[in-house]
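*Asks:* Next come a sequence and a model predicted from it.
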Number of protein chains: 2
Amino acid sequence: MTSLDPARVISDLKELRQLTGDQDGSQRIAFTPLWCAARLWLKAKCDEIPIENHRDAAGNFWATLPGESHRELLIGGHIDSVPNGGWLDGCLNLLAGLEILRRIHHHYKGKPPVTIRLVDWADEEGARFGKSLFGSSACAGTLDMNEARGLKDKDGIELPAALRSLGIDFEKVKNSGVELKNAAAYIELHIEQGPVLLDKGLALGAVLGTFGVERHSITFTGQAAHSGSTPMNRRRDAFLAAALMSPEIYEIAKRHGGVCTIGSCNTKPGIVTSVVEECRITLDQRHLDATALAAMLADAKSASARFARDCNVNFRWERLWQIDPILFDPQLINWCDEVIQETCGTTMRLPSGPLHDAAEVSLSGIPTVMMFVQSLQGISHNKIEDTKEEHIELSVVALDRLAEKMMRWIASMK
Amino acid sequence: MTSLDPARVISDLKELRQLTGDQDGSQRIAFTPLWCAARLWLKAKCDEIPIENHRDAAGNFWATLPGESHRELLIGGHIDSVPNGGWLDGCLNLLAGLEILRRIHHHYKGKPPVTIRLVDWADEEGARFGKSLFGSSACAGTLDMNEARGLKDKDGIELPAALRSLGIDFEKVKNSGVELKNAAAYIELHIEQGPVLLDKGLALGAVLGTFGVERHSITFTGQAAHSGSTPMNRRRDAFLAAALMSPEIYEIAKRHGGVCTIGSCNTKPGIVTSVVEECRITLDQRHLDATALAAMLADAKSASARFARDCNVNFRWERLWQIDPILFDPQLINWCDEVIQETCGTTMRLPSGPLHDAAEVSLSGIPTVMMFVQSLQGISHNKIEDTKEEHIELSVVALDRLAEKMMRWIASMK
């Protein structure tokens, strides 16, 4: 083999699916035996090249091809999946990166101009302990140790105990930060997990950054009252006020260009014969622009006040979680755009709704960009998750071109 | 004492509250020791008059003042309450009837023109076994024996076992029907449990009948999708479709004059980061007019189909329960109206949203009417349930006048 073989990425993906999936999808939940098996399989692939590899203090897996410069280009992904997951989410990135390492190793006869590293972040999905981006946030130094220390899986096993059984000392996971000391840039390929590229008929897109998120609960409180004896004009119906929020958030999202989701609704007393006294909904709002995100939140608050007044109920907001938008590096976005244009003839720039390990790397100050490849049906975290094989191959070619461009840039650094 | 003493009804009510209530309200749940204590207290009051009394095969309590005619005027109520109930629901009717029996006994020197009977129906509320109108439906012959036989309380005790411990043979409860064989008319006073009389500033109203009820669940099914990566125009949001039903049922109720309630809402997967895939709401619709009730149901079905189409989701309906409207006797409604006019100077006719024992008696073919007295706050089934004492006294006077009118009518029967 002498050059990039995108088809091999597809056969590697299928091999991994065979090894770690079942009829319900992929089952590589982080810190479980099948995840460890997937890791061993990946290590064997690296050993074939061969290149040095090891696990860091947070359980992230690193494979390193030393170059003439100690400055590093990082290519990242994650081999863990959600339960009943798809065959591409996370591992496409890794196996595309692996193929690029093979190509570079051969092309530069084992000594590229800069050091190239592949990283498999531990527990991107957070499927077992409910906290995503574990390995990358530990490495970037942003992990909240107090919060993470108390996380438990559904069997009551705590995260530190689960890590200990794999030889990882929870109290030392941030020591993994040392891995980033020579990092000059980080690139990550990922399936889009949404339908934007599909709707535009494009294979690939350059990712501008990850959405900021405002996540709140809104509780409306009215008065329970008999469904038979209470005239409509005397009701203080908490469900009515909450329900009015639903079409409203579509208007708010349209006005500002972000996304808003009411994901859950709970009613009390919640019986067929009573007007709803208390209704709690959750609202998730996302936007790439911090000002627009703040405006979406303000609009939702003002709508909730208006509906509460109209329905003669009370309301209160509680923040569940918040994160600012994370913008990727403008220069790297340009280069990503260029290689997509060269590879596919057309390109687009789009934000990422979901968070990714790349966001943590970017937060740590390393110039970062992501590339998205089209998702069929716009669906992920499901066994029906899929991408056309021709698009997978295009994504490997484009990512390889981006890696070459980055190497030249890093090599030119003073 | 020589004449009607409405104030004594209030002192009797307070005595009963003292005996069977606590700081949370009345605790006379049917077939429990406090209910039995209330029954013994009522029996003692009847023995003071004195008049014959006994318990029938369904556990209903009857006190009978035989008259010159064997034809009977029945005055009914129920001494059982919900847990943490009010001081008036059910027992006002009984104690007003008791006072009227005292007055008639005295006035006619123990021998009125027709037989007068007071009935305390067993388990109107259904608080313990979840099935209301037990005693009156057994007596009227409409009780579903197979359904009732399997009813359990929260401790797993079955209704037949609970009845047996009180000396009642479940399999023979319909033998109580014999009590109705000479019944010529049935009258019942009740607190309104809603705000209609309060809003009109009236003390009393004549009840036209009890609402028919259509009770359904509606389940909308869309597609779970990531709250960050799914553009608004690609969503199949089951909560949005369900939410649009909420303001719509207010329009439907306004158009047809009934009441509609969405009492509960459940969402799946019901997590903050996903568009709602499945949303189930319950819809309770009530109207006194069967045609209007059918039209309200048809309007709701058509609205649900429209919203499902607009939101690109599926929907299905499931009937949970249904009962036709029960209309009281037109002649008795006229007389009830007349005595209220004579007593208060103004009157109104109104339907009953909740069901009452009177509905069961009416279903058995006995001419029936109810009288409502104003509820403060329009609230019942709660310790804050209350009615002005002057209104209670007016209700006793008006019910007594109605009883006199009914006796003359029954006496005139061929």
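*Replies:* That came through, no problem.
*Asks:* Any idea how many residues pack against residue A:373?
*Replies:* The criterion is other C-beta atoms under 10 Å in any protein chain shown. On that basis, residue A:373 has 28 neighbouring residues. C-beta coordinates here come from the backbone N, C-alpha and C atoms, glycine included.
*Asks:* Show me what it is bridged to.
*Replies:* Counting by DSSP bridges, residue A:373 forms beta bridges with residue A:191, residue A:204.
*Asks:* right, and it touches residue A:394 too?
*Replies:* Yes: taking C-beta atoms under 8 Å as the contact criterion, residue A:373 and residue A:394 are neighbours in contact, 7.4 Å apart.
*Asks:* of all of the stretch 51-200 of chain A, which residue lies closest to chain B?
*Replies:* The minimum distance from the stretch 51-200 of chain A to chain B, using C-beta to the nearest C-beta, falls at residue A:194 (3.2 Å).
*Asks:* Contact partners for that residue?
*Replies:* Listed by C-beta atoms under 8 Å, 6 or more residues apart in numbering or on different chains, the contact set of residue A:194 reads A:353, A:375, A:378, B:226, B:228-231, B:234.
*Asks:* try 6 Å this time
*Replies:* Contacts for residue A:194 were tallied using C-beta atoms under 6 Å, 6 or more residues apart in numbering or on different chains; they are A:378, B:229-230.
*Asks:* Just the closest of the residues you listed to residue B:69, please.
*Replies:* When those are ranked by distance to residue B:69 (C-beta to C-beta), residue B:230 comes first, at 76.1 Å.
*Asks:* so which strand or helix has that closest one?
*Replies:* For residue B:230, there is no host helix or strand (DSSP states H and E).
*Asks:* neighbours around it, how many?
*Replies:* 25.
*Asks:* Any figure for the gap between it and residue B:328?
*Replies:* Distance, residue B:230 to residue B:328, using C-beta to C-beta, to the nearest Å: 55 Å.
*Asks:* Please tell me how far the residue nearest the centre of chain A sits from chain B.
*Replies:* If you average the C-alpha coordinates of chain A and look for the closest C-alpha using C-alpha atoms, centre = their mean, you land on residue A:356, 3.0 Å from that point. Applying C-beta to the nearest C-beta, to the nearest Å, the value for residue A:356 to chain B is 10 Å.
*Asks:* hang on, the earlier thing: before we move on, what's the pLDDT of the residue of the stretch 51-200 of chain A closest to chain B?
*Replies:* Per-residue pLDDT puts residue A:194 at 91.
*Asks:* cool, residue A:2 as well?
*Replies:* Model confidence at residue A:2, given as pLDDT, is 55.
*Asks:* rewinding a little: between the contacts of residue A:194, which is closest to residue B:59?
*Replies:* Taking C-beta to C-beta as the measure, residue B:230 is the one of those closest to residue B:59, at 58.5 Å.
*Asks:* what's near enough to touch the closest residue to chain B within the stretch 101-250 of chain A?
*Replies:* With distances taken as C-beta to the nearest C-beta, the stretch 101-250 of chain A approaches chain B most closely at residue A:228, which sits 2.7 Å away. For residue A:228, the contact set (C-beta under 6 Å, 6+ apart) comprises B:211, B:286, B:353-354.
*Asks:* of those residues, list those near chain A.
*Replies:* With the criterion set as C-beta under 6 Å from any C-beta of the partner chain, the members of the contacts of residue A:228 near chain A are B:211, B:286, B:353-354.
*Asks:* of all the residues you listed, which comes closest to chain A?
*Replies:* Using C-beta to the nearest C-beta as the measure, the one of those that approaches chain A most closely is residue B:353, at 2.7 Å.
*Asks:* so the closest one touches residue A:227, yeah?
*Replies:* No: with contact taken as C-beta atoms under 6 Å, residue B:353 and residue A:227 are classed as non-touching, separated by 7.4 Å.
*Asks:* Give me every residue in the stretch 201-350 of chain A lying close to chain B.
*Replies:* When proximity is defined by C-beta under 6 Å from any C-beta, the stretch 201-350 of chain A lies next to chain B at A:211, A:215, A:227-230, A:232, A:234, A:239-240, A:243, A:246, A:250, A:253, A:261-265, A:267, A:270-272, A:274-275, A:282, A:284, A:286.
*Asks:* Buried only: go through those residues for me.
*Replies:* A:211, A:215, A:227-230, A:232, A:234, A:239-240, A:243, A:246, A:250, A:253, A:261-265, A:267, A:270, A:272, A:274-275, A:282, A:284, A:286 (16 or more other C-beta atoms under 10 Å in any protein chain shown).
*Asks:* So the residue of the stretch 251-400 of chain A found nearest chain B versus residue B:13, what's the distance?
*Replies:* Sorted by distance to chain B under C-beta to the nearest C-beta, the residues of the stretch 251-400 of chain A start with residue A:353, at 2.7 Å. According to C-beta to C-beta, residue A:353 stands 62 Å off from residue B:13.
*Asks:* higher neighbour count, the two?
*Replies:* Regarding residue A:353 and residue B:13, a neighbour count based on other C-beta under 10 Å identifies residue A:353 as having more, with 26 against 20.
*Asks:* Tell me both backbone torsions, phi and psi, for that one.
*Replies:* Backbone geometry at residue A:353, expressed as degrees, to the nearest 10, gives phi -70, psi -50.
*Asks:* can you put the contacts of residue A:228 in TSV and add pLDDT?
*Replies:* Formatted as TSV, those follow (pLDDT from 0 to 100):
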residue	pLDDT
B:211	96
B:286	96
B:353	92
B:354	90
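*Asks:* And the furthest pair within those?
*Replies:* By the measure C-beta to C-beta, the contacts of residue A:228 have their two most distant members at B:286 and B:354, which lie 9.3 Å apart.
*Asks:* Counting neighbours, what do you get for residue A:41?
*Replies:* As a measure of burial, residue A:41 has 15 neighbours, counting by other C-beta under 10 Å.
*Asks:* same deal with residue A:178?
*Replies:* Applying other C-beta under 10 Å, we find 11 other residues in the vicinity of residue A:178.
*Asks:* What's the per-residue pLDDT of it here?
*Replies:* On the pLDDT scale, residue A:178 gets 98.
*Asks:* what about the helices in the stretch 151-300 of chain A?
*Replies:* Counting by DSSP state H, counting those that start in this stretch, one finds helices in the stretch 151-300 of chain A at the ranges A:159-164, A:196-200, A:238-256, A:290-311.
*Asks:* Dump the first one to PDB, restricted to CA.
*Replies:* So that's helix A:159-164. The C-alpha coordinates for helix A:159-164 follow below in PDB (Å, rounded to 0.1, in the frame of the first residue of the first chain):
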ATOM      1  CA  LEU A 159     -17.300   6.600  38.400                       C
ATOM      2  CA  PRO A 160     -14.000   6.400  40.500                       C
ATOM      3  CA  ALA A 161     -14.700   2.700  41.300                       C
ATOM      4  CA  ALA A 162     -15.300   1.900  37.600                       C
ATOM      5  CA  LEU A 163     -12.100   3.700  36.600                       C
ATOM      6  CA  ARG A 164     -10.200   2.000  39.400                       C
END
